[in-house]
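Novice: Return atomic coordinates for the entry below.
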Amino acid sequence: MNKILFGVITVLMVSCSSAPFKANVDNELLVGKWTISNVDDAAAMVSKEEFLLSAMHEKYKEGYVFNFEKGPKFSVLSTDGVEVLAGNYGIGVEDKSITLQLIPDSTELSYDLSVVEGGYNLTVTTPGEMVNLTITK
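Specialist: Purely as a prediction, here's the structure:
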């Protein structure tokens, strides 16, 4: 019984201590249009069920464009210019991560940012998501 109570308390402490989403205010690191040049969904291909459960798999395709505005707003546009996703974004400490807050449901997707030639790799850190991206100017 004590182990169960300890487990519940631990889960509550961890969930309450996670940092709330902080929208971008003045960081212009990603401002502008970035083309998705690579979609790495190999991890999503582990099983058919996991592949289907990856909410973002169909949202990101090579050639789609991230449009990061000054301030917190972003959108993802299809190759035809149709808005596929929209929301707010926040850039983490030392420009090492990005969190996307999707509208209207406030779902948050977090990625580690790493510099590559001409752009960035976005390595997903959100549990349940399995699609990594490369974006280039």
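
Novice: Ala19: what's it in contact with?
Specialist: By CB atoms under 8 Å, 6 or more residues apart in numbering, the contact list for Ala19 is empty. Heads up, the C-betas are built off the backbone N, CA and C, glycines and all.

Novice: Please report how far it lies from Thr107.
Specialist: Distance from Ala19 to Thr107, counting by CB to CB, to the nearest Å: 16 Å.

Novice: And for Asp80?
Specialist: Distance from Asp80 to Thr107, by CB to CB: 24 Å.

Novice: So between these two, which is more surrounded?
Specialist: Thr107 (14 against 7; other CB atoms under 10 Å).

Novice: Which pLDDT value belongs to the more buried one?
Specialist: Looking at Thr107, its pLDDT reads 89.

Novice: again with Lys3
Specialist: At Lys3, pLDDT is 51.

Novice: same question, Lys48
Specialist: Looking at Lys48, the pLDDT reads 49.

Novice: again, but for the one 3 residues further on
Specialist: Model confidence at Phe51, expressed as pLDDT, equals 49.

Novice: Not counting stretch 104-115 itself, show me its contacts.
Specialist: Counting by CB under 8 Å, 6+ apart, residues outside stretch 104-115 touching it are 21, 55-56, 91-92, 95-102, 120-126, 129, 132-133.

Novice: Any quick PyMOL command for the buried ones out of those?
Specialist: Typed into PyMOL, the line below selects the buried ones among the contacts of stretch 104-115, using 16 or more other CB atoms under 10 Å:
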select buried, resi 56+91+92+97+98+99+100+101+102+120+121+122+124+129+132+133
